[in-house]
Structure formats: C-alpha cells, structure tokens
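*Asks:* Okay, here's the prediction I keep looking at, along with the sequence it came from:
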There are 2 protein chains.
Amino acid sequence: MQNQKIVIIGGDAAGMSAASKIRRELPEWEIVVFEKSPHTSYSACGIPYFIGGVVEDKESLIARSPETFIQKYNIKAHVMHEVIQIDTAGKKVLINDLNSSKSFTETYDQLLIATGASPAIPEIEGINAKGVFSLSTLQSGIELFNFIERHTPKTAVIVGGGYIGIEVAEALLQRKIQVTLIDRASYIMETLDREMSEEICRTMTDAGVDLRLGESLKEILSSEKGYASLVKTNISEIKTDLVVLGTGVKPNTQLARDAGLKLSEGGAILVNNKMQTSIKDVWAAGDCASSYHILKDEEVFIALGTIANKQGLVAGTNMGGGEMFFQGVCGTAITKFNDLEISRTGLSETEAKKMGIEIVSNTISTTNYAAYYPGNESLKIKLIAKKKDKEIIGGQIVGGKGSAKRIDTIVAAIKAKMNVYDLAMLDLSYAPPFSGVWDPLQIAARTLM
Amino acid sequence: MQNQKIVIIGGDAAGMSAASKIRRELPEWEIVVFEKSPHTSYSACGIPYFIGGVVEDKESLIARSPETFIQKYNIKAHVMHEVIQIDTAGKKVLINDLNSSKSFTETYDQLLIATGASPAIPEIEGINAKGVFSLSTLQSGIELFNFIERHTPKTAVIVGGGYIGIEVAEALLQRKIQVTLIDRASYIMETLDREMSEEICRTMTDAGVDLRLGESLKEILSSEKGYASLVKTNISEIKTDLVVLGTGVKPNTQLARDAGLKLSEGGAILVNNKMQTSIKDVWAAGDCASSYHILKDEEVFIALGTIANKQGLVAGTNMGGGEMFFQGVCGTAITKFNDLEISRTGLSETEAKKMGIEIVSNTISTTNYAAYYPGNESLKIKLIAKKKDKEIIGGQIVGGKGSAKRIDTIVAAIKAKMNVYDLAMLDLSYAPPFSGVWDPLQIAARTLM
C-alpha cells in the first residue's frame, strides 16, 4: 500500500483513536488532525467530577496533549483549527486557524470526520445570559468551573434529568450549591422505566435536590449585569445564580451535510459497520456518526465515549487497509448519584412497547451482597425479555456498591441472544461479600422463567 | 400425575432447593428430608465471615430452619438424622436418628441424594488433636468459633492456600491471631496461574500472614492436655495454638457407592443434565454430584453453593415432572482477602496446556476506575483464548474494589463462545467512577486481538 495522507476532523476520542491506530500500523503515513477546541483526547465524562472537585486537576482529564501527539506519535494535531468546508470531489478541506483567523486548504487521500456532538440548546428567551452553561467540551467544563470559583453561586437550576443532569447535580451539591432540577417529563432518567427512576428521585430529594418534574424551561431572566437570575418554567419561577443545561446533545453534522453525506434517522452521519460514509474515502466515527443498534436493527444516534473509542479504532483499522467491523450497540449506560449506582442496557419496557414487541418484565428488590453480610445495600433490577421466547432484550439496575457494573453481564447476554433461562443458569461468581448465592441478575431471570 | 413421596438425603443448598421447588409445584406431594447435622439451608460460604466476626450472628447464616420448612412449607425436615443405607430395589432408605440412636426405614417413590462434600483430611500423625479444625458444615464453623472464644489462641497454622485457606486467614487476622499459612505448592490459589497468585501472596504477606510455600504438613504434636501445639512440615516446625485445615474437599458418596450408583471421574455421583443418576428414580444434586464442565467436556467434581442451588432447582423441577436442564459449569469462583478481590473462570493457562489446547494469553495491569478518578486501585486481568480462533476460554482477575465481579462478563462470553474480538467490541458500560473508557476486560481482550 502506497503512503497516504490522512486528514482527521476532530481531535477527541474517535479522531485520536483512529489516528493512533493508523500510526501504530503505518509509521510512514502522514496524519493531520484539526481540532477546533484547545484540547485533544480528554475525558468529557470526567468533567462533572472536575466541577465537583472530586478530580482536582483538569489536566488529569487529558489523556494526551497535542504536543504529545506531535512529538511522540508524529501526528500533526492542530488545536484551535476549525474545518469549515469539505470538498469530497477535490479531496480537500478548508481550515480556519482560530488563533490567526487565517484560512488554508489541506488535501487528503482519506478523510475521517469525528466532529462529535454539541449540546442541544433550547431556543428560549435569555438562554445566552451569563451564568448559563452547557457541558460538552473540556473547555465548557473549565468555563463552568471558573464561574463557580469566581462567583460562588449559592443556587443553581439544572435543566434536564438525564445523565448530565444528575451528574452535575451531584457535583454542584459537592460545591455546596443549592440545586433545583427541572425536567419536563414526569420522571427523570427517561432511558429507564418509571419504577426504576423513582428510586433515583428519592435519593436525589434526600440529598437536598429540589426536583421539579413536569416543568419545562420557558425563559431565563437576567440581572442588570447580564447574569441569569430567574428561571421561568410553565409552572413556577425559580431564583438562581447559575443555570446548567442538560437538555441532550445533537451530532455535529453541518460540515458533513454541506458535503452531501447521507445522514441517519437521528441526524448522525450514516456509516456502515466499517465506518464508511456514503462518499468514497470519507469516514466518520464517534458522536457525529450513526451506531447500529443490535436490538432496534437500525442506525441510531448515541453520543458516548465508549462507542467513540471503538468506532475510532474500527475506522483507523479500515482506513489503514486492515479489516474490522463495528459490532453495534445496545444502549448501555451507567452513572451514579452520590452512592446510588445506576445502569441500563437494551430496550426499556417503554421502548419495547413502542416498537410493538410483546414483552415480559419484572423488577426485583434484593441486596448487593449476601443478605447477612454487613454493609449490604439494596439493589433493584429490572429485566425485560421477549414474551415469545424469553430472549433477554433489556436490563436496568439501581442500587448500592457494586450494583451497576453487573449490567455488563446483561450486555453480553443480549449480544449472545441468551434467554432468561440461560442467564439464570450461567455459572456466575458467588461469595458472600459480593452477592447472594443466586446473583441478583439470576434472581431477576428466574422470576421470568 | 399421581401423588408421590419424595425422600431427600441432605438438607442444605441442593436438597432444600429441590424440596422447595417440588413443594411450589406440587402442594400435595409428601416430601421428607433427612439431614445428619443440626442445621438446614445455611450458608457454608459465610462461615469464615462468622469466624472473623464480620457476621455477628450465626443464626443469620441460616436461610431457613427445619421448623420453617415443616411449618411453612409442609416439608418434613428431620435434622440429626443420618441415612445409612439406600435400597434402590426396594425403594427405601434406612435412617439412624442420631438423637435416639434408633433406626427406621422410609420408602420413597423418588429419591434425591444431596449429601454434600466433606473436608479431605490428611492422614498424618496428630490430625485428631484438639484444636485442629476443618470447615464444612455450619456446625464445624460454630465449633471453631467456640474454640477461639474459649481458648483465645494467639497463633494459628492454616494448611492449604485455596479459597478456604485465604478466607480463614483473613478471619483469624481479624481475631488478632498470628497466622502462618503453609501450602505444599509453590504458589497459593492454584486455580489461578502463578503471576496472578503473586499479587495475592504479596497482599497476604503485607497483612502479616507468614506464608510458607512448598511446605507440606507432616505431623501435628500435642500438649499434655491433647491440644495441638506444634506443626511439623517437611521443612520447619511451627509452634501453634490452633490448626485449620483447608486441604480441599471430597464428595460424600459412600451411600451412593454402596447402593451401586455410578461415579464420575472425580469421584462424585455421576448425573446427566437432568440430575438423574445411573439408577431409576434416584437423583443427585449439589456437592456430592458431578457437574458438566462446558470447556473440559466432562463431568467434574466442584463443590460450590451456586452449583448446588442450581442443581437442586433442576433436580426438583425434573422430579416433579417438569423439564429443566443443568447447563454446566465453567469453573467460576470468587473470593477476597481483605480489600483484594480475586476471581477466576474457565481454564487457567496451566489447565489448558495440560489439556493440550494451544492458547494465547495475556495479563494486563490497569485500574478499576478511570485512572484520574480518586481512590482508584490496581486491577490485574489475565485472559486466555484458543490460539486457533481466539475463542475465550478463561479469565482471572485480582484487584481493588469492583474488580472481581467483572468475571461474570467473561463467564457469559465463554458460555456464548465469544472470541476476544467480540469481547473487545461489546457495548460494556463506562463512567469514570466505574472504569476507564475501555473496560479492563476489553483492554485485556484487545491485547489478544
């Protein structure tokens, strides 16, 4: 294979995974990366823990700096460089150097689009006030952190009770800020079913979060100096020193769209299982690209670091002349609120019913360790299976220490198309400090047998 | 189906699981259980934690007492009753009431043998001295506990560095007893490979255990009052106030053997996947019965509570006229020593090589949480796959909080015949308080890709 020039748009998980993979296999190829933010390869998922002060040094969130890529890996990583146009016919991109505001073009043999996702910002009055933040890039996290340091807000309104919302709630409580969380839905963490959400609501309320469900953001009023000071919902008015938006993300696909690339249902760049887009020599990976959902049997938009890393590895392998296939996702996610662990995978009951799948499901309450082992905490598992053949299609876990990571076993079971009987009979590990003799997963599976 | 009379020999995990299952399905059937110890349905695995004082009340180890079985479930559970003969032609058993020393016979329509396993006691001089204990029944645990309470031993020698050995070492250290552990092998926890064992040795030594490897028990000398006072090995002499044997277990099969039942390779009662023995209407389950090993493709002897419960459920289902199959084991086990978690499943490198399987394997060192997340601890994973097609056949984990239960995902992967690539690409969960963006399992899998 002749030496090629690879251009990568986006220097975070997907882009740099691909770059690193290509470099390992092909030391001679030229690899150029353009990243519009000041940072490469950082842990976006770590940002709430940096805000909360759990992770003390923001530098520790950066896996590899642009300098490291340049000096150690011979990957030309340019930060503060925004690609503003892709010319797939001419095989070149137009870049704007954000430091100098000068533009220039760069040709490529193969192009990877790894532009990530951005917060979906509600279009309401006052949304651009000072003191209104959304979290996406490391830079956005640093700005929120600095705001808290400088202005020591006493109160905050978080909009949206998804993963970001509850992680930021934990973080702000740790900073001694009084938190109100509003969600337009009637329960938070909507990727779980209602009965699982209730456990989380209780824990958050007990920790002092003022939860307002069924309330949607209508307007943000500002002080004379332009700082957000009052949040208006459809129901109430909440005085606040800080607003954090956790209202979801959307894939960054403007560039791809302008270049004529096909998009998927959820608006992400449509890719096949090799991460090829609809145009030759153009690849996409990470939050901006679609992911095949093995249970929904369609390309979906899910923005998660795990997926971005895997897709980057797959893209890099294939761009470098190897062969690797992305094996799809099943909607796995995990988080925690203080000591309450939360995870889910597959289809929720709500999702399954929407898809017209006849299901059986059950929610069991047990303990994380053997019931007699001290320090045991409650653990709730919901398991969802097809009614027809009892094939497992979803699981949700809420509980104490060691609860949530059990979801991975359900992930493997779903991937392997196991039924509830297979799961109940798996040779899972047991000792009293780790579980009861029937692991909670198996207790849940048995109730569906 | 006509009402039947079920006789069950052994009132612990397997026996009572079967009894309970039959009772749930068939309220009219007569179920009689004979248990030679004073207890039914207790957690043998919890005994070390009771000895160590972590579990304060021995009663909490008992899931259900004989009275509960009798009153609540109409299961005639007789403790202190030893079955001394099985007549499979006459379909009856001979029982010795250990309280009255009277014998009587009981007929059955179907018989379940669930006699468990007993410690393998080395045949050496002095083994019957006072102060020498082995752990098997709850009763044996109570006796050791009482000995410690009454005699407050300052020193102890543990013989054998398997699961029991290291759990008892932890327990005795908690009781402020100075522990010497001898093992005739050159490393402890021989179901793991050597490099994984080293981590455990280090932790035990750091905790104050005097580990003596390559030393085998030769003789126990006693004081004038008949208490064990000195342990002689092939190499050294160790003064001691207490000896605990963790020298393995053997299936209790004398009754079955006398009745002419076929035994498996490891000496357990040979059963098929419905838990039927070689004689009609005689079933076996639990520690005394063989288990099909899905990787070894043979019936093996493994004594574990998880397996006993599953086999009991399977036996009970089939005895009651239902149909259920035991799906086999893959050698999963888990334990901990203080804060070090340990687990394994499948074949070790040593086992695989003995079986003539060409393998690839790798051991990686990483952290349980994201590397930047505070409180993260080291985690070591060894993954073993077939060289030919990279099918996963074994895994071993040693590490800090949340490490060991990850073995369950490998168990599911082995059962589903996944290869290392499948595991690396699984949609496993990730958030910084739970793992790095590539779960340690996937880092290990990637190194074998």
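*Replies:* Nice, I can see it.
*Asks:* what about the closest residue to chain B within the stretch 51-200 of chain A, neighbour count?
*Replies:* In the stretch 51-200 of chain A, the residue that lies nearest chain B is A:Ser60 (3.8 Å; CB to the nearest CB). Any C-beta I mention is one placed from the backbone N, CA and C, and that applies to glycine too. For A:Ser60, the neighbour count with other CB atoms under 10 Å in any protein chain shown is 17.
*Asks:* and A:Asp422, helix, strand or coil?
*Replies:* helix (DSSP: H, G, I helix; E, B strand; the rest coil).
*Asks:* Touching, it and B:Gly328? I think so.
*Replies:* No: between A:Asp422 and B:Gly328 there is no contact under CB atoms under 8 Å: 11.3 Å.
*Asks:* Need the mean per-residue confidence for stretch A:164-181.
*Replies:* Here stretch A:164-181 scores 98 as its mean pLDDT.
*Asks:* mind checking how far that stretch is from the chain centre?
*Replies:* Counting by CA atoms, centre = their mean, to the nearest Å, stretch A:164-181 is centred 18 Å from the centre of its parent chain.
*Asks:* Tell me the residues on the stretch 101-250 of chain A that lie near chain B, please.
*Replies:* Within the stretch 101-250 of chain A, no position is near chain B by CB under 8 Å from any CB of the partner chain.
*Asks:* Please identify the helix or strand for the nearest residue to A:Ala424 once chain neighbours are set aside.
*Replies:* Once flanking residues are discounted, A:Ala424 sits nearest to A:Ala445: 3.9 Å by CB to CB, 6 or more residues apart in numbering or on different chains. A:Ala445 is part of helix A:440-447, with elements assigned from DSSP states H and E.
*Asks:* contacting residues for the residue of the stretch 51-200 of chain A closest to chain B?
*Replies:* Contacts for A:Ser60 (CB atoms under 8 Å, 6 or more residues apart in numbering or on different chains) come out as B:371-372.
*Asks:* Could you confirm it falls within a helix?
*Replies:* Yes: assignment of A:Ser60 by three-state DSSP places it within a helix.
*Asks:* What pLDDT is listed against it?
*Replies:* Reading off the model, A:Ser60 has pLDDT 91.
*Asks:* Could you do the one 10 residues further on as well?
*Replies:* A:Ile70 carries a pLDDT value of 94.
*Asks:* Provide a list of residues in contact with it.
*Replies:* Residues near A:Ile70 by CB under 8 Å, 6+ apart: A:76-77.
*Asks:* part of a strand, is it?
*Replies:* No: under three-state DSSP, A:Ile70 falls outside any strand and is assigned helix.
*Asks:* Write down the beta-bridge partners of the residue nearest to A:Ile166 when sequence neighbours are not counted, one by one.
*Replies:* Leaving aside its chain neighbours, A:Ile166 sits nearest to A:Phe337 (4.9 Å; criterion: CB to CB, 6+ apart). Counting by DSSP bridges, A:Phe337 is bridged to A:Leu340.
*Asks:* number of nearby residues for the closest residue to chain B within chain A?
*Replies:* When scored by CB to the nearest CB, chain A has A:Ala416 as its residue closest to chain B, at 3.2 Å. For A:Ala416, the count of nearby residues is 18 (other CB under 10 Å).
*Asks:* is it true that it touches B:Ala412?
*Replies:* Yes: contact criterion CB under 8 Å: A:Ala416 and B:Ala412 qualify, at 6.6 Å.
*Asks:* per-domain residue ranges of chain A.
*Replies:* Domains of chain A are assigned by automatic domain parsing as A:5-40+A:62-117+A:250-319, A:121-247, A:340-448.
*Asks:* what separates the shortest one from the chain centre, distance-wise?
*Replies:* The chain centre lies 22 Å from the centre of domain A:340-448; the measure is CA atoms, centre = their mean.
*Asks:* The stretch 201-350 of chain A: strands as residue ranges?
*Replies:* A:210-213, A:217-222, A:228-233, A:237-239, A:243-245, A:249-251, A:282-284, A:291-293, A:298-300, A:333-337, A:340-346 (DSSP state E, counting those that start in this stretch).
*Asks:* Chain A: helices as residue ranges?
*Replies:* In chain A, the helices defined using DSSP state H lie at A:13-25, A:47-51, A:66-73, A:138-151, A:163-174, A:194-206, A:254-258, A:305-319, A:349-354, A:407-415, A:420-425, A:440-447.
*Asks:* Put together CSV for those helices, with distance to B:His151 on each row.
*Replies:* What follows is the helices of chain A, written out as CSV (distance: least, CB to CB, whole Å):
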stretch, distance to B:His151
helix A:13-25, 60
helix A:47-51, 50
helix A:66-73, 62
helix A:138-151, 60
helix A:163-174, 50
helix A:194-206, 47
helix A:254-258, 77
helix A:305-319, 55
helix A:349-354, 58
helix A:407-415, 44
helix A:420-425, 44
helix A:440-447, 40
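*Asks:* Out of those, flag the one nearest B:Ala89.
*Replies:* Nearest of the helices of chain A to B:Ala89, taken as CB to CB: helix A:420-425 at 33.7 Å.
*Asks:* Can you give me the first-to-last residue distance of stretch A:368-382?
*Replies:* Between the opening and closing residues of stretch A:368-382 lies a distance of 14 Å (CA to CA, to the nearest Å).
*Asks:* whoops, stretch A:126-133 was the one
*Replies:* Stretch A:126-133 has its terminal residues 12 Å apart, counting by CA to CA.
*Asks:* can you give me how far that stretch is from the chain middle?
*Replies:* Computed by CA atoms, centre = their mean, the chain-centroid distance of stretch A:126-133 equals 23 Å.
*Asks:* tally of neighbours for A:Leu217?
*Replies:* A:Leu217, neighbours per other CB under 10 Å, totals 22.
*Asks:* For beta bridges, what are the partners of it?
*Replies:* Under DSSP bridges, the beta-bridge partners of A:Leu217 are A:Thr233.
*Asks:* Let me see the contact set for the residue nearest to A:Ala424.
*Replies:* With contact set as CB under 8 Å, 6+ apart, A:Ala445 has these partners: A:383, A:392, A:420-421, A:423-424.
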